[in-house]
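# 3D model of this:
(3 chains)
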Amino acid sequence: MATKPELISSENPKGMTPVVKTVVRFAMGIVFMFGWYIIIYGHLTPGGGFAGGTILACGYVLLTLAFGKEVALAKMSDRAASIIDNSCAFLFVAVPLVGMAFGYFFLNFPPHGKPFDLVSAGVIPLYNILIGLKVTSSLFAIFLALSIFGRFVSKLVEEAEEEE
Amino acid sequence: MTMQTTYPLFTALPLAAAFFNLLVTKINKKAADYIAFLAAGTLAVLAVLTVFEQPFAYRVGGFPAPWGILLVSDGLSSLMLVIVNVIAFLSIIYSIKYMTTYTAKPKYYSLFLLMLTGMNGVVITGDLFNIYVFLEIASIASYALVGFGCEHEELEASFKYLILGSVASTVILFGIAFLYSMTGTLNMPDLARQIEILGINKAVAFVIAMFIMGFGLKASTVPFHAWLPDAHPSAPAPISAMLSGVLIKAIGVYAIARIMFNVIGPNEAVSSILMFLGALSMVVGVFLAVGQSDFKRMLAYHSISQMGYVTLGLGLGLNPNVPPAIAAMGLFGGIYHMVNHAVFKSLLFLCSGSFEYRTGTRNRYEMGGLIRKMPVTSVTCSIASLSISGVPPFNGFWSKLIIIVALIQASYYVYGAIAVLVAFMTLLSFIKLQRFVLFGQLPARFANIKEAPFGMTFPLVVLAVLCIGLGLAYPFIDQSVLQAARDALLDKLSYMGYILGG
Amino acid sequence: MILYFLTLVLFVMGVYCLIAKKNIIKKIIGLTITDYAINLFIIIIGYRAKGIAPIMFKNMTIQELAEYGVDPLPQALVLTSIVIGLGVLSLMTSICLRLYEKYKTFDMSEINRLKG
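Model prediction:
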C-alpha cells in the first residue's frame, strides 16, 4: 500500500491545491480508522458493513479528488477492486452454505461468546467485514467506472479543449 | 439427504456461481461457459427432483416461523421451479454458441445467473419482503441484460424498462410497507392469518390496488404494458426467451397469484379486475401484433396477449361466486397455459435468434423460403407457431380450450367469445409469419446460408418435443403435477399452516 | 398523521418530476425522490414517541428495550431498500452516460427510435 512520496507531495501539479492536499493527508487516516471501527464494531453499536464500507469508499473517492487518480489507483486499482468485490460476494454466499452443513442455511454455527465482547455473535462480525470490503470495493469501482474510465468524460474534455 | 435440506440451493447456487464466474474468468475466459452450464444444469436436475417432494416449509437460519424467513415448497412453487430452471438451462446451452457474436461473455453469464437467482428466490420464498428483494435482483439483472448490446435502440429500451420497472418496484414496496403497518408481520402464512381476522377493509383494498399495479406492470398486463414490446426484442435472443418465457411469469403472474390466492383469499372484486385486465391484454396485444414487421417485436406483443389468457384463468379461479369446480377448472387452464406459454414462447424467441444469427435481419418481410436452407429451425418454428395459435394436437390448444370451456360454464359468454376471437387472430398472425419467413421466395442474398450450429438447434428440438409431448399426451397422462399446483393455490388453509412447519 | 401526509406529498413531487420533465437526469432525480419518500414512510411506521434506538447496551434489561425501543424491522427494511436503490441509481446513471454517448442529448423526446 506504500505510495511514492512525490505523488503525495504538494508540489505535484496533479489534483487540487496544496491546502486541500495537506488537509486530506491529515483527514485520511481518521476517515479510514472510523470506517473500520464502524465495520468491526457493527454487531455491538449502530452501523455495520454497509455504513462502514460507504465511509471507506468515500475515503478513496476523497483521495482521488484531492491527489488525482494515480494515487488512488496505486492504493486500489480497478482490477483489485473487482477481485475483492467478487471474492467477498462469493464468500458471503459460501459462509451460509457452511452453515447448511450444520443444519440450516444461514445458521449462526460458531460459538456465540459473551454478549458485548468484541469477538462474539458468531458469524455476524465476519459477515460485517465481508460486506464492508465488498461495499468499499464496489462503490469505488462504480465511481471509477462512471468518472475516470467513462469514455464520455474524456470526450467531453476533448470537446472542451477543441472549443478553446 | 433430501430436497428438504438443500432447498435454499436454488438461490445460493446461482448467486455463488455468478460471482465465482467473474473471479475465474479473470484468469481464463473459457471457464465461463462451463460454470454457467454446470450451475444451470444442477439447478434443472434439482428442480425436477422437487416435484416429487411433499409440501414443506424451510426455516432459514433455524429461526422459528413468524420471526425468521420461511421458504415454502408446494405444488405451485415446484412447478414454477421446473419451468424456470429447465428453460434457463436450455437458454444457457443456446447462449454458448449464440453469444459469441457479443463481447464480454463472462459478464453476460453472471447477469444471467443473477436473474436466475432472483426468479428462483421469488418462487421459493414465503416472506413478503423477500419477494421484493429477489424481484429487484431479477429486475436489475434484466435491465442490464436488455441493454447488453449497447446500441441506440437497446439502451433506449433498457432505460424505458428501467424507469417503469423502478416505479413498479416502488409501488410494490409501498404496498408491503402499508401491509406491515397494519399487521406487524411480513411472513406470508402469518399475513394470511392476520388478514383473515382483519377482513378486506379499505386499507387492504388499497394494498391490493398497489399490488395489482406493481406486479401487473412486471407481468405487463395491458394498461402497464408499454415497456415490453421495446424491452423484449432488444435483448439478445436467449434473454428474450428468458424474459418472455419465464421472467414475466415468475416475478409478475406467480407473485400476484400467490398473494391474491394464498394471502388475501378469493374475492369477487379482485377477480373481476383481473379478468377485465386479462381480456384487455388479450385483445390489445393481438391487434397490435398483427401489423408488426419486426419478428421479435411481434412475438413480444403476442406475449402480452397470451399472458392475458393466464390472467383471465387466474381471475376466474379467484371468483368465490362461481361453482368451485368451474373456478378450479379455470385456474387449472390458466396454470397449464402458463407452462405451455413458457415452452412455446421461449422456443419462438430462440428460433428468431437462429434466423437472425444466419440472416442478420429481424424484419420478417426481408426473409423468405428459409425452410429449404434451415430445416430444423424452420420446422421447430412452425411447431411453436401452431402451438401458440391453438391448433388441435399441440399443447396450446388444450389450455385455451379448458379456459374457454370454463368461461362458458361460468356464464362469462363475452370473455369466452373474446378468447375464441383472439385465438383466431393469433392463428392469422402466425400464418402470415410462416408465409413470409418459412415459405415463399428465397432472397438471392440468402442463397449461401447454412443451418444453425448444433449447440443452437439442440435446445430448439428439446422444446419442440415438449410442445408436441405436452399436447399429444395431455388427454392420457396423469395431470397430478398441474393439479398439485392448482390445489396449492386454492388451499389457503394449508398455506397458513406452513407457519407451524419447518 | 401529518407526517404520513408529508411523505405522500414528497412521493407525488417525485412522480410529477418523473412524468413532467423531459431531461433524463431529472427523471432519475424524480425516481430517487419517490424512493426516498417510501423509505421515509417505512421509517415513520416504526416510530414511537420518546423511543430509543433498538440496540442493547450494557446494564439494560430486555424489558426496558421492549418498552422504549422503536420497531427495528422497518429500519432493516429501509437499509435493504436503500442498498437496492443505490444499485438501481448507479445502473441508471451508467445507462444515461451510454445514452448520451449514442444520442448526444439528455432530452427524452429526442430519444425516440423505438415506435409502434
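# distance of A:Ile55 relative to chain B?
Look at A:Ile55 and chain B: by C-beta to the nearest C-beta, to the nearest Å, they are 24 Å apart. To be clear about C-beta, it is placed using only N, CA and C from the backbone, and glycine gets the same treatment.
# check whether the helix or strand hosting that residue comes near chain C.
Secondary structure from DSSP states H and E places A:Ile55 in helix A:49-67. Yes: Helix A:49-67 reaches chain C (C-beta under 8 Å from any C-beta of the partner chain) through A:Phe50.
# residues in contact with B:Thr348?
Check again: residue B:348 is Leu, not Thr. By C-beta atoms under 8 Å, 6 or more residues apart in numbering or on different chains, the contact list for B:Leu348 reads B:299, B:381, B:384-385, B:388.
# 10 Å - rerun?
B:240-241, B:244-245, B:295-296, B:298-299, B:302-303, B:380-381, B:383-385, B:387-388, B:430, B:433, B:460, B:463 (C-beta atoms under 10 Å, 6 or more residues apart in numbering or on different chains).
# same deal with C:Leu8?
By C-beta under 10 Å, 6+ apart, the contact list for C:Leu8 reads C:37, C:41.
# tell me how far it lies from chain B.
10 Å.
# shouldn't that residue be within a strand?
No: residue state for C:Leu8 (DSSP: H, G, I helix; E, B strand; the rest coil) corresponds to helix; a strand is not indicated.
# how about C:Cys17, nearest residue that isn't a chain neighbour?
Once flanking residues are discounted, C:Cys17 sits nearest to C:Gly30: 3.0 Å by C-beta to C-beta, 6 or more residues apart in numbering or on different chains.
# name the secondary structure element that contains the one you found.
helix C:24-45.
# tell me the helices and strands packed up against that helix.
helix B:152-183, helix C:2-20, helix C:72-103 (3 or more C-beta pairs under 10 Å, 6 or more residues apart in numbering or on different chains; DSSP states H and E).
# among those, which is the most enclosed?
With neighbours defined by mean count of other C-beta atoms under 10 Å in any protein chain shown, none of those is more surrounded on average than helix B:152-183, at a mean of 23.
# do that helix and chain C meet at all?
Yes: using C-beta under 10 Å from any C-beta of the partner chain, we find that helix B:152-183 touches chain C at B:152-163, B:165-167, B:169-174, B:176-178, B:180-182.
# list the buried residues of the helix-or-strand element of chain C with minimal mean pLDDT.
Using mean pLDDT, DSSP states H and E, helix C:62-68 stands out as the lowest-scoring helix or strand of chain C, at a mean of 80. Going by neighbour count (16 or more other C-beta atoms under 10 Å in any protein chain shown), the buried part of helix C:62-68 is C:Leu65.
# distance of the residue nearest to C:Cys17 from C:Ser94?
18 Å (C-beta to C-beta, to the nearest Å).
# shouldn't B:Trp67 be in contact with B:Asn187?
Yes: assessed by C-beta atoms under 10 Å, B:Trp67 is found in contact with B:Asn187 at 8.2 Å.
# tell me the SS of the closest residue to B:Arg358 other than its chain neighbours?
Residue nearest to B:Arg358 in three dimensions, not counting chain neighbours: B:Ile449, with 4.7 Å by C-beta to C-beta, 6+ apart. Under three-state DSSP, the three-state class of B:Ile449 is coil.
# which ones are touching B:Ile449?
For B:Ile449, counting by C-beta under 10 Å, 6+ apart, the contacting residues are B:355, B:357-360, B:370, B:373-374, B:442.
# try it again with 7 Å
Contacts for B:Ile449 (C-beta atoms under 7 Å, 6 or more residues apart in numbering or on different chains) come out as B:358-359, B:373.
# just B:Thr25 next, same as before
B:31-32, B:106.
# which ones among those residues map onto helices?
B:31-32, B:106 (DSSP state H).
# which one of the residues you listed is nearest to chain A?
B:Pro106 (10.7 Å; C-beta to the nearest C-beta).
# and C:Thr93, how close does it get to chain B?
Distance, C:Thr93 to chain B, using C-beta to the nearest C-beta: 11 Å.
# pLDDT score assigned to the nearest residue to that residue once chain neighbours are set aside?
Spatial nearest neighbour of C:Thr93, chain neighbours left out: A:Leu146 (6.1 Å); criterion: C-beta to C-beta, 6+ apart. Note for A:Leu146: predicted pLDDT of 82.
# now swap in the one 10 residues further on and tell me
The confidence metric pLDDT takes the value 55 at A:Leu156.
# same check, this time on A:Phe116
In this model, A:Phe116 carries a pLDDT of 75.
# returning to what we had before: B:Trp67 and B:Asn187: who's more crowded?
For B:Trp67 versus B:Asn187, neighbours defined as other C-beta atoms under 10 Å in any protein chain shown are more numerous around B:Asn187 (23 against 13).
# and the nearest residue to B:Ala250 once chain neighbours are set aside, how many neighbours does it have?
Spatial nearest neighbour of B:Ala250, chain neighbours left out: B:Met119 (4.1 Å); criterion: C-beta to C-beta, 6+ apart. Using other C-beta under 10 Å, B:Met119 is surrounded by 32 other residues.
# could you point out the helix or strand that follows the helix or strand B:Met119 falls within?
Element membership of B:Met119, judged by DSSP H and E, is helix B:105-124. Counting by DSSP H and E, the next helix or strand C-terminal to helix B:105-124 is helix B:128-146.
# model confidence over that next one, on average?
92.
# one more: stretch B:450-459?
Mean predicted confidence for stretch B:450-459 is 85.
# so the spatially closest residue to B:Tyr498 that is not a sequence neighbour is in which element?
The shortest distance from B:Tyr498 to any non-neighbouring residue, by C-beta to C-beta, 6+ apart, is to B:Ala57 (4.1 Å). For B:Ala57, the host element (DSSP H and E) is strand B:56-59.
# where along chain A do the helices fall?
A:5-8, A:18-40, A:49-67, A:69-75, A:78-101, A:124-147, A:151-163.
# report pLDDT for A:Phe140.
For A:Phe140, the predicted pLDDT is 89.
# could you do A:Phe32 as well?
pLDDT, A:Phe32: 90.
# ok, it to A:Val24 distance?
In terms of C-beta to C-beta, A:Phe32 sits 12 Å off from A:Val24.
# next: B:Phe10.
From B:Phe10 to A:Val24 the distance is 47 Å (C-beta to C-beta).
# neighbour count winner among those two?
Using other C-beta under 10 Å as the criterion, B:Phe10 and A:Val24 rank with B:Phe10 on top: 27 against 19.
# and that one, that's in a helix?
Yes: assessed with three-state DSSP, B:Phe10 lies in a helix.
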